[in-house]
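>>> Return atomic coordinates for the entry below.
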Amino acid sequence: MNIILVKVLATALAFSQATTRPDAIKAEFNPVADKAEVEQLLHAGCLHMRKSFDIEQINLDDLIATAMDDKAALGEEVKALKGLSFSDLHTVYRQFCKGEAVEQSPVDLTEVIAFYNDALKDLPDVGRLKGMKLPGMSVILDGKGERFAEVFTPENRRVWVSISAIPEVVRNAFIAAEDKRFFQHKGMDERGLVRAFVGNMAQPGRPQGGSTITQQLAKTVLVGNDVTYERKLREIIIASRIERTLSKTEILELYLNSIYLGRGAWGVEMAARSYFGKSVGALTPVEAAFIAGLAKGPSYFSPDRNAGRARDRMAYVLGRMHDDGMIATVAAKVQLPAMVPYERLRQDTGFHFVDHVSREARSIPAVGALNASSYVVRSTINPELQRATESVLQEALARYELNTGRFKFQGPEANISDALKSMTEERKGEGPAWLVALKSVRLPLYDVHWEPAVVLENGRTKRGDVLTVGIADGRTLPLNPWNVATRRSLKVNDVVYVRVREAAGKQGARAELRVRPAVQGAALVMENRTGRILAMSGGFSYPESQLNRTVQTVRQPGSTLKPVTYLAALRSGLQPNTLVMDSPIVLPPIGQTSALARQKDFWAPRNSGGSGGAVTMRRALEDSRNLATAQLMANGIENSAEQGLDRVCELAVEAQLYKECSRFYPFILGAQPVRMIDLAAFYAAIANEGARPIPHVIDSVEQGGRQIYKADNNQVNWIGSADRASFFQLKSMLQGVLTRGTARSARHLATYAAGKTGTTDNELDAWFVGFTNDVTVALWVGYDNAEGRRTLGRGQTGGRVALPMFEPILEAVWRTHAPKVALSGPSQEAGRELVAVQIDPYTGDADQYSGQRSGGSVEYLRRDSVGGITDTRYRIVSRGDNYYMYRGGDGYEEDGSPVQNWPYDSRYGMRDYYPPQSGYYYGQQQQRIQPRSPEFFEDDRYGGRAPSRIDPDYFFGLFGRRQY
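Predicted coordinates:
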């Protein structure tokens with residue numbers, strides 16, 4: 001049996017049921033037992049259709065006779081019947097419509113039933129349409145209330161409106177244009193099909209559909225838009241079921257919100273906004289007729305492509321409305337109404353931020369998914385700062401690869417050769433062909449802020465080797481490709497990214513090649529007081545990787561976690577000028593004694609440079625000294641190393657850096673991975689003297705003009721176990737990191753900012769987190785390490801790789817968000833507990849002259865209970881030990897007693913302390929252990945023998961590394 005005839009009869013079977021017994025439609029027939037029923041249904045359906053022809057005053061037999069006499073009248077032009085013998089079709093008509101006995105019928109009902117059953121497998125549940133609201137589009141506004149982005153799923157850029165909000169004139173316009181008998185039929189309009197059939201016979205060029213509004217809804221929402229008999233079969237059955245499930249009003253509401261109407265608009269509300277800049281409720285009858293006319297073919301009748309065709313279609317709809325009594329009059333000469341320009345929002349920045357807005361919205365019970373409905377979201381983003389932050393990060397990653405020799409050209413971003421060949425003469429008149437093509441090219445990395453450029457010349461000329469590119473402003477510039485291999489790889493008409501260096505002095509303007517880096521990075525700018533995220537860059541480019549590394553990944557923070565330990569020490573009563581030993585320490589495993597533990601389980605951290613003897617807590621933090629930090633935990637915070645670790649862990653959890661602390665000693669040096677956003681919030685708490693803001697990207701959400709959510713920008717979580725005085729002391733110490741420490745390359749910013757560098761083992765991660773009075777900026781550079789732990793390279797520290805991004809981002813902050821002001825002093829609450837004293841930051845001595853010396857500073861020391869200064873300088877390292885280290889030999893204490901040499905001073909609680917002589921480590925109090933081999937101290941932190949850590953942030957490491 002001819003396959004087209006099988007499909008035609010299967011479709012007729014569905015039609016017959018929908019029109020003759022809509023309440024008893026069967027989606028499956030038995031190929032043997034139900035043959036008679038199927039034959040009867042086909043006969044009933046044909047008779048029903050003949051009546052429709054009669055109602056439309058069309059003689060079906062005459063039409064068929066004409067076609068039989070003149071085969072050119074149809075057949076070849078009816079695409080749906082292509083490949084079908086018209087004589088077979090006529091035989092079927094005689095058999096099922098006229099009831100004639102037909103010899104050698106071309107019909108095998110078994111095949112028809114099999115096709116019908118297969119096409120209707122797994123029909124969607126129509127019941128889910130009850131009360132359904134289709135996915136919508138939400139608008140995200142920036143911090144100033146300007147439109148920033150749209151969130152919607154593909155083919156669902158709509159704003160849902162209830163049927164009560166859609167004027168009657170709009171409803172009538174669509175009914176007149178698409179389905180005159182909408183309120184009379186039950187899903188299928190036989191008379192509409194007849195008119196479409198006859199129209200297609202007369203004008204076979206552009207086919208008429210004849211589908212009802214219900215059928216169009218079934219196609220749009222449940223069935224799909226495939227041009228196949230199978231889809232049509234399903235559409236007929238689904239439309240009939242919709243009519244039995246939903247009221248006509250419900251069907252019309254779904255239809256008017258689901259239909260595509262051009263200009264990227266689904267539904268009448270979005271169409272009204274796109275074409276006329278107003279809500280659907282404000283449309284005039286002419287505007288309503290125009291929009292309704294687009295339903296037949298939004299592209300074909302687009303006013304942007306063919307205004308005349310759009311005008312004629314609108315006039316047709318107005319005429320139908322007048323004929324049906326929906327409007328009183330129609331102008332003799334109809335003109336298209338005035339429309340707003342079509343300006344589709346093109347976002348080229350902030351994609352990771354917008355993704356996070358969507359995630360945060362899902363956590364708000366009153367909101368949920370932004371693409372499930374239509375919301376107006378007022379976000380926290382500062383667009384200028386966001387663009388600047390992305391630009392800084394992208395350039396920094398590229399410069400890192402250039403500086404380290406890891407630059408690798410992988411090929412051009414595009415090539416405009418084909419565009420140049422197909423360019424019309426009209427377009428060539430717009431300027432140089434290469435410039436026209438360059439402006440129209442769409443590069444895959446649409447959020448990269450370098451300049452696209454096209455290679456115009458690459459070769460040897462009379463001027464020598466020439467490599468020239470053209471950029472979007474029309475200039476042609478010489479290109480620096482960085483190496484010969486890259487130069488050879490570039491071809492004329494290749495499109496690449498460049499950074500333009502403007503003319504300076506005798507040096508003319510030039511372009512420098514930029515390529516996609518393999519290294520990744522992340523940047524976050526947070527408002528300290530409120531926790532509002534002003535800028536968020538989760539990677540080099542969103543199209544390249546949607547992973548948001550500011551919130552969706554955890555990385556070891558390295559030394560950026562050390563402030564937690566120093567905060568715990570300050571809270572325990574120590575002062576910034578308290579001396580702590582920066583010398584080797586080896587600790588037995590937690591819960592074990594030295595005598596019982598295996599030597600491979602001991603922890604022996606290291607500095608990048610050598611040990612420095614007794615140093616102040618301030619200098620230990622400024623120089624990122626691992627040994628001093630470990631000594632502080634072991635001997636300064638509590639009575640034992642384990643208790644000290646517990647205090648640090650408790651504080652880290654309270655500061656919401658972690659939900660749980662991994663209780664092992666390397667934790668204090670940043671061994672436990674952390675999210676960037678949580679680290680930034682902790683540093684914002686330092687700037688706020690202990691008030692940790694709640695990071696967020698949504699200020700408020702509105703729906704239908706009503707606010708349904710508003711963030712509390714004043715809500716903070718006080719880190720209560722550390723008071724404001726200790727937080728301010730820590731803030732002052734972090735300011736010293738820029739003044740004298742590992743971030744001293746940015747010391748010109750020390751008046752305005754504070755922060756901390758961080759580098760993990762083997763330079764896997766490079767960090768800098770800094771803050772001003774107003775914002776905290778967190779920066780990270782590293783590899784994703786999905787296929788192994790790739791290092792940044794020797795010497796690529798946080799101070800060298802991440803810190804350089806800090807200043808240009810701060811400049812953008814000062815330009816777009818908050819003024820440039822000096823870091824504030826202590827609050828009144830903190831000031832009552834502190835006194836400002838001139839201190840030598842290197843020795844911790846109170847010195848009236850230190851403020852006049854290079855490196856001298858004002859230190860804020862905590863008062864004691866009677867208003868004096870709590871002197872804790874020698875609480876960890878005794879005065880005698882300090883004297884002995886710096887002067888050598890024996891000395892005397894202030895009370896005249898002899899200085900006690902290392903290792904133990906009972907008065908000052910020195911525990912587990914022995915001089916840093918080769919081959920010794922520190923075990924139980926006053927217990928000397930046998931020398932160990934050097935290999936004992938050279939194991940990885942996480943396994944094997946004694947874990948160790950070298951912090952490359954320590955600046956003395958630049959002059960050579962000495963390891964113990």
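>>> All the helices of the stretch 101-250 of the chain, residue numbers only.
Secondary structure of the stretch 101-250 of the chain (DSSP state H, counting those that start in this stretch): helices at 109-119, 168-178, 190-202, 213-217, 229-245, 248-258.
>>> Point out the most buried one among these.
Counting by mean count of other CB atoms under 10 Å, helix 213-217 has the highest mean neighbour count of the helices of the stretch 101-250 of the chain, with a mean of 25. From N, CA and C alone the C-beta is placed, and that goes for glycine too.
>>> what residues does that helix touch?
If you take CB atoms under 8 Å, 6 or more residues apart in numbering as the criterion, helix 213-217 is touched by 174-175, 178-179, 182, 185, 187-188, 235-236, 239, 242-243, 251-252, 254-255, 258-259, 295.
>>> quick revisit: lowest average pLDDT across the helices of the stretch 101-250 of the chain?
Here these differ in mean pLDDT, and the lowest is helix 190-202 at a mean of 59.
>>> for the stretch 801-950 of the chain, what are the low-confidence residue spans?
For the stretch 801-950 of the chain, the stretches with pLDDT under 70 are 847-856, 883-950.
>>> Can you pull up the most central residue in the chain?
When CA atoms, centre = their mean is applied to the chain, the residue found nearest the centroid is H352 (2.2 Å).
>>> For the residue lying closest to that residue once chain neighbours are set aside, give its distance to Q386.
Leaving aside its sequence neighbours, H352 sits nearest to G538 (CB to CB, 6 or more residues apart in numbering; 3.4 Å). G538 sits 12 Å away from Q386, taking CB to CB, to the nearest Å as the criterion.
>>> Could you do P481 as well?
The gap separating P481 from Q386 is 31 Å, by CB to CB.
>>> Among these two, which residue is more densely surrounded?
It is Q386, of P481 and Q386, that has more neighbours when counted by other CB atoms under 10 Å, with 26 against 22.
>>> For that one, list the residues it contacts.
349-350, 353, 534-537 are the contacts of Q386 under CB under 8 Å, 6+ apart.
>>> Including secondary structure, could these go into JSON lines?
Formatted as JSON lines, those follow (DSSP: H, G, I helix; E, B strand; the rest coil):
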{"residue": "T349", "secondary structure": "coil"}
{"residue": "G350", "secondary structure": "coil"}
{"residue": "F353", "secondary structure": "helix"}
{"residue": "L534", "secondary structure": "strand"}
{"residue": "A535", "secondary structure": "strand"}
{"residue": "M536", "secondary structure": "strand"}
{"residue": "S537", "secondary structure": "strand"}
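>>> Make a markdown table out of those and add neighbour count.
Converted to a markdown table, the contacts of Q386 look like this (neighbours: other CB atoms under 10 Å):
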| residue | neighbour count |
| --- | --- |
| T349 | 24 |
| G350 | 27 |
| F353 | 30 |
| L534 | 29 |
| A535 | 32 |
| M536 | 31 |
| S537 | 31 |
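>>> now, the most widely separated pair of the residues you listed?
Within the contacts of Q386, two members stand farthest from each other by CB to CB: T349 and L534, at 13.1 Å.
>>> any idea how far N713 is from the residue nearest to A414 when sequence neighbours are not counted?
Spatial nearest neighbour of A414, excluding adjacent residues (CB to CB, 6+ apart): V495 at 4.1 Å. Using CB to CB, V495 is found at 44 Å from N713.
>>> Looking at these two, which one has more neighbours?
Neighbours were counted for V495 and for N713 using other CB under 10 Å; V495 has more, 20 against 16.
>>> Sheet-wise, list the partners of the host helix or strand of the more buried one with their directions.
Using DSSP states H and E, V495 sits within strand 494-501. Using DSSP bridges, strand 494-501 pairs in its sheet with strand 414-415 (antiparallel), strand 451-461 (antiparallel), strand 510-514 (antiparallel).
>>> how about those strands in a markdown table, adding distance to A307 and mean neighbour count?
As requested, these are arranged in a markdown table below (distance: least, CB to CB, whole Å; neighbours: other CB atoms under 10 Å):
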| stretch | distance to A307 | mean neighbour count |
| --- | --- | --- |
| strand 414-415 | 33 | 18 |
| strand 451-461 | 33 | 17 |
| strand 510-514 | 42 | 21 |
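>>> mean pLDDT lowest for which of the ones you listed?
strand 451-461 (a mean of 91).
>>> and A437, what is it in contact with?
Neighbour list for A437: 416, 419-420, 423, 454 [criterion: CB under 8 Å, 6+ apart].
>>> ok, A725 touching Q828?
No: if you go by CB atoms under 8 Å, A725 and Q828 don't touch, sitting 11.4 Å apart.
>>> Between these two, tell me which one has more neighbours.
Counted by other CB under 10 Å, A725 and Q828 do not tie: A725 has more neighbours, with 24 against 7.
>>> now what about stretch 90-101, what contacts it?
For stretch 90-101, the external contacting residues (CB under 8 Å, 6+ apart) are 5, 9, 39, 42-43, 46-47, 49-50, 64, 68, 102, 105-107.
>>> Can you say which of those are buried?
5, 9, 39, 42-43, 46, 49-50, 64, 106-107 (16 or more other CB atoms under 10 Å).
>>> Which of the residues you listed fall within helices?
If you go by DSSP state H, the buried ones among the contacts of stretch 90-101 have 5, 9, 39, 42-43, 46, 49-50, 64 in helices.
>>> related to what we said a few turns ago, among the contacts of A437, which one has the lowest pLDDT?
Ranked by pLDDT, the contacts of A437 bottom out at M423, which has 79.
>>> Quick one: neighbours of it, just the number.
16.
>>> which residues does N773 contact?
By CB under 8 Å, 6+ apart, N773 lies in contact with 528, 687, 818, 821, 823-824.
>>> Go ahead and confirm A818 touches D774.
Yes: the pair A818 and D774 qualifies as a contact (CB under 8 Å) at a distance of 3.9 Å.
>>> Of these two, which one has the most company?
Neighbour count, other CB under 10 Å: between A818 and D774, D774 has more, with 20 against 15.
>>> how far away is that one from T816?
Distance, D774 to T816, using CB to CB: 12 Å.
>>> repeat for V835
Using CB to CB, V835 is found at 38 Å from T816.
>>> Ok, Y542 next?
21 Å.
>>> higher neighbour count, those two?
Neighbours were tallied for Y542 and for T816 using other CB under 10 Å; the higher tally belongs to Y542 (24 against 17).
>>> So for that one, what's the nearest residue that isn't a sequence neighbour?
Using CB to CB, 6+ apart, the closest residue to Y542 is F351 (3.6 Å).
>>> Check L345 too.
L345's closest residue in space is E150 (CB to CB, 6+ apart), at 5.8 Å.
>>> Look up which residues are beta-bridged to the one you found.
For E150, the beta-bridge partners are V139 (DSSP bridges).
>>> ok now do it, which residues does it touch?
Neighbour list for E150: 137-140, 157, 345, 347 [criterion: CB under 8 Å, 6+ apart].
>>> what do you get if the cut-off is 6 Å, keeping everything else the same?
E150 makes contact with 137, 139, 345, according to CB atoms under 6 Å, 6 or more residues apart in numbering.
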